[in-house]
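Novice: need a 3D model of the sequence below.
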Amino acid sequence: MHNERSALLAAASRILRPSQTSRQQMNMNSNTPPSHRARARLAISRFLAPVLFLAASLLSLTPMARAAGVTLTISGNIGKFTNQPARNYVFSEAEFNALPMREISTATDWTPKGTFRGPLVRELLARVGAQGRQIKFYGEDNYNVTIPASDFSKYDVILARTWNNKPLQLNDFGPFWVMYPIQDMSTSETSGIFIAKLAWQVTRIEVK
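Specialist: Reported below is the predicted structural model:
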């Protein structure tokens with residue numbers, strides 16, 4: 001990433017400052033008056049340089065900025081829609097981040113102790129007018145799990161978007177991870193098939 005950005009910045013700099021050899025070649029090989037050549041070169045520089053600098057800037061964006069295209073789709077037995085024909089509600093990154101957030105500090109079988117942050121699942125469901133007894137979570141890795149809706153009333157389950165203040169990426173359990181307050185639950189509550197409920201790479205939820 002750093003090398004790509006440096007290469008783009010160097011290219012922009014070369015456009016803005018043509019080499020002495022390039023200037024001589026243009027003066028020797030062209031019958032165009034010098035003043036016209038200078039204006040043409042300046043016009044090209046003014047057009048291309050900002051484009052390259054913009055590309056370099058995009059490469060240097062923070063992880064949160066690069067993740068700005070993340071969305072969450074909720075469908076099924078819901079009463080509110082962003083897409084009426086498709087009968088689903090799609091949360092944009094901005095809308096999702098504007099929801100009240102909760103934090104859960106816990107370790108999992110896959111991560112050391114850290115802080116997960118995201119909205120309560122029950123508040124997400126309320127936002128879309130969900131009316132169902134089963135909530136099915138779909139992951140990008142084709143994993144899916146159905147959880148009783150009663151879990152989200154009994155426990156403060158969140159749909160985590162960040163871990164230790166860093167957005168969850170697709171290659172590290174993101175964009176969304178179903179997270180229970182494991183540290184507040186008893187051993188009997190977190191034994192057996194409980195671990196299957198911690199669905200990661202979630203992008204879609206279906207209310208049944």
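Novice: ok, which stretches of the chain are strands?
Specialist: Per DSSP state E, the chain carries strands over the ranges 72-76, 88-91, 102-106, 114-118, 134-139, 144-148, 158-160, 162-163, 166-167, 177-179, 202-207.
Novice: how far off strand 134-139 does the last one point, in degrees?
Specialist: For strand 202-207 against strand 134-139, the angle between stretch directions is 160 degrees (axes from the mean of the first three to the mean of the last three C-alpha atoms, to 10 degrees).
Novice: counting by contacts, list what strand 202-207 packs against.
Specialist: strand 72-76, strand 134-139 (3 or more C-beta pairs under 8 Å, 6 or more residues apart in numbering; DSSP states H and E). Glycine gets a C-beta too; all of them are placed from N, C-alpha and C.
Novice: mind checking those strands for the one nearest to Q183?
Specialist: strand 134-139 (21.4 Å; C-beta to C-beta).
Novice: the closest one pairs with which strands, and in what direction?
Specialist: Counting by DSSP bridges, the strands paired with strand 134-139 are strand 144-148 (antiparallel), strand 202-207 (antiparallel).
Novice: closest to R161 out of those?
Specialist: Per C-beta to C-beta, nearest to R161 of the strands paired with strand 134-139: strand 202-207, 10.2 Å.
Novice: ok, A149 - how many residues close by?
Specialist: 17 (other C-beta atoms under 10 Å).
Novice: show me which residues of stretch 121-130 are buried.
Specialist: For stretch 121-130, the buried set under the neighbour-count rule, 16 or more other C-beta atoms under 10 Å, comprises V121, R122, L124, L125, R127, V128, A130.
Novice: please apply the same query to stretch 88-100.
Specialist: Applying 16+ other C-beta under 10 Å to stretch 88-100 flags N88, Y89, V90, F91, E93, F96, N97, L99 as buried.
Novice: looks like L125 contacts S150 (just checking).
Specialist: No - judged on C-beta atoms under 8 Å, L125 makes no contact with S150 at a distance of 11.9 Å.
Novice: now T108: how far from V207?
Specialist: 25 Å (C-beta to C-beta, to the nearest Å).
Novice: neighbour-wise, which of these two wins?
Specialist: V207 (21 against 18).
Novice: doesn't G132 make contact with the more buried one?
Specialist: Yes - counting by C-beta under 8 Å, V207 does reach G132; the two are 4.0 Å apart.
Novice: who touches both of those two?
Specialist: Residues touching both V207 and G132 (C-beta atoms under 8 Å, 6 or more residues apart in numbering): G76, N77, A149.
Novice: which residues sit in contact with the closest residue in space to T108 that isn't next to it in sequence?
Specialist: In space, T108 comes closest to L198 once its chain neighbours are excluded; the distance is 6.6 Å by C-beta to C-beta, 6 or more residues apart in numbering. Going by C-beta under 8 Å, 6+ apart, L198 touches T108, W177, V178, M179, Y180.
Novice: from L99, how far out is the last one?
Specialist: The spacing between Y180 and L99, counted by C-beta to C-beta, is 18 Å.
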